[in-house]
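>>> What would the 3D arrangement of this be:
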Amino acid sequence: MNDTSPVVETLSFEEALRELEEIVRSLERGDASLETAIASYTRGTALRAHCERKLNEAEQRVQAIVPGPNGPSLREIEE
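Residues are numbered from 1 along each chain as shown. Below is the predicted model of the structure:
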């Protein structure tokens, strides 16, 4: 993690998850200074929340699939 890290909201689920996994590995190794560890933990918390939002959105989209006469289709998703 550094000052040029992308804004969390711009990341795809996969990108955010990959970065979160890297942060967890780094924190588990314990090789960062206290300030770096705190910054990493803060970013990790934001990444986790972003991943949860993305998963919830995907779940809503899957639940919106309804059977129809011409096969499955999407119903309107309520936000």
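>>> Please report how far Glu59 lies from Cys51.
Glu59 is 12 Å from Cys51, where distance means Cβ to Cβ, to the nearest Å. For the C-beta atoms, the positions are set from N, CA and C on the backbone; glycine is no exception.
>>> Can you work out which other helices and strands pack against the helix or strand containing Ala49?
Here Ala49 is covered by helix 34-63, with elements defined by DSSP states H and E. In terms of contacts (3 or more Cβ pairs under 8 Å, 6 or more residues apart in numbering; DSSP states H and E), helix 34-63 is packed against helix 13-29.
>>> Show me which parts of the helix it packs on are buried, residue by residue.
Under the neighbour-count criterion of 16 or more other Cβ atoms under 10 Å, helix 13-29 has Ala16, Leu17, Glu19, Leu20, Ile23, Ser26 buried.
>>> show me the residues around the fifth one that make contact.
By Cβ atoms under 8 Å, 6 or more residues apart in numbering, Ile23 lies in contact with Met1, Ser40, Tyr41, Arg43, Gly44, Leu47.
>>> Let me see the confidence value for the last one.
Right, the one you point to is Leu47. The model reports Leu47 with a pLDDT of 98.
>>> So for this protein, the centremost residue is which one?
Cys51 (2.1 Å; Cα atoms, centre = their mean).
>>> Would you confirm that that residue contacts Glu19?
No: applying Cβ atoms under 8 Å, one finds Cys51 not in contact with Glu19, separated by 9.9 Å.
>>> which residues sit in contact with Ser73?
Ile65, Val66.
>>> Compare the contacts of Ile23 and tell me which has the most neighbours.
Sorting the contacts of Ile23 by how many neighbours each has (other Cβ atoms under 10 Å) puts Leu47 first, at 24 neighbours.
>>> got a list of what the residue lying closest to it once chain neighbours are set aside touches?
Leaving aside its sequence neighbours, Leu47 sits nearest to Leu20 (Cβ to Cβ, 6 or more residues apart in numbering; 4.3 Å). Residues in contact with Leu20 (Cβ under 8 Å, 6+ apart) are Gly44, Leu47, Arg48, Cys51.
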